[in-house]
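> below is the sequence, then the predicted model.
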Amino acid sequence: MKRLMSSAARIVSIVAVLSVGVSLGAGIASAHMPYVLPTVFDVGKDDHVTVESSFAEDAFVPEVAMRDAPFHLLRPDGARGDVGPVTYLRDLSVFEADLKGDGTYRITTGQRAGRKATMYREDGKWVMRAENGGPAPAGATPVEVQSMTLADAYVTRGDITQGALKPVGTALEIQAVTHPNSISAGSAADFVLLFDGKPLAGADITLFRSAGVHDGRKIAATAKSDAAGRFTLKPDDAGTYLILARHRAAAPAGAETPWRSYTYTLAFDAA
């Protein structure tokens, strides 16, 4: 089995800087990433897995517990299932997911609506007001935006299956072409970036190494999605990785803000 160090060992070095009364998202910088991290990606014949979730600036180093997220799983046949009760600590959330049958399960935060902010267009790119700390430049038109976050990981009991890998078809997500539970160190893995079920071209993708917290090489690779939304990443070393993608777009009719800032992550373990 591919086992990771315990959550307790990972958080020993974290200094708590948030007060208990801070609401989720209110103090989270735009650089923070959501993630879900199972203790095991290949559970063998176990019938459950323990999962942690948080917002983090470094991959898998929890800083702010993810609250108000619709945590759930997708079973091997693609059907939605519930997870166990969530325990909320200050820096991470913990829950168990029951795996009743063999196959691959998607463990997910579900699409979570977060904080609202202001952004403006500068040099062809969207800039969040919080990113530079100053007012919008003269002539720029600020617009209201809400953060939307989604984090996934795949866990397999027995043999790998494909049903849970089917795209949901809404917001920003990554479709795994190479099964996440079969990725090996030194081998290329293929993915497709989607937005509302359609390929998203020209987006920047970043692959983070969990080991980078210790050796300083936090980013393992970068890529850009092609015209068909496809991109390829190669984890050089064995270990746990986090794929990050972001996208800003006009919000659907009836949304709380006219624009949304989407963040998606996919955690996997390279053997």
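Perfect, I can see it now.
> residue contacts, A56?
32-33, 35, 62-63 (Cβ atoms under 8 Å, 6 or more residues apart in numbering). Where you see a C-beta, it was placed from the backbone N, CA and C, and this is true even at glycine.
> with those residues in mind, which one is nearest to T104?
In terms of Cβ to Cβ, no member of the contacts of A56 lies closer to T104 than Y35, at 18.6 Å.
> now the closest one, which residues is it bridged with?
Y35 has these beta-bridge partners by DSSP bridges: S54.
> which helix or strand contains the closest residue to F208 other than its chain neighbours?
Spatial nearest neighbour of F208, excluding adjacent residues (Cβ to Cβ, 6 or more residues apart in numbering): A59 at 3.8 Å. Counting by DSSP states H and E, no helix or strand carries A59.
> so who does A59 touch?
Here A59 is in contact with 33, 35, 208-210, 212-213, 218, 240-242 (Cβ under 8 Å, 6+ apart).
> show me the contact partners of the helix or strand harbouring E96.
In this structure, E96 sits in strand 93-98 according to DSSP H and E. Strand 93-98 is contacted from outside by 7, 38, 47-54, 65-67, 69, 71, 73, 81, 83-87, 105, 107, 155, using Cβ under 8 Å, 6+ apart.
> strand partners (parallel or antiparallel) of the helix or strand following that strand?
Of the helices and strands lying after strand 93-98 in sequence (DSSP H and E), the nearest is strand 103-108. Sheet pairing for strand 103-108, assigned by DSSP bridges, gives strand 72-74 (antiparallel), strand 143-157 (antiparallel).
> I'd like the contacts of A59 laid out as TSV, including pLDDT and distance to L150.
Below are the contacts of A59 laid out as TSV (pLDDT from 0 to 100; distance: Cβ to Cβ, whole Å):
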residue	pLDDT	distance to L150
M33	94	11
Y35	98	11
F208	97	16
R209	95	21
S210	94	20
G212	87	23
V213	88	23
K218	94	22
T240	97	19
Y241	98	17
L242	98	13
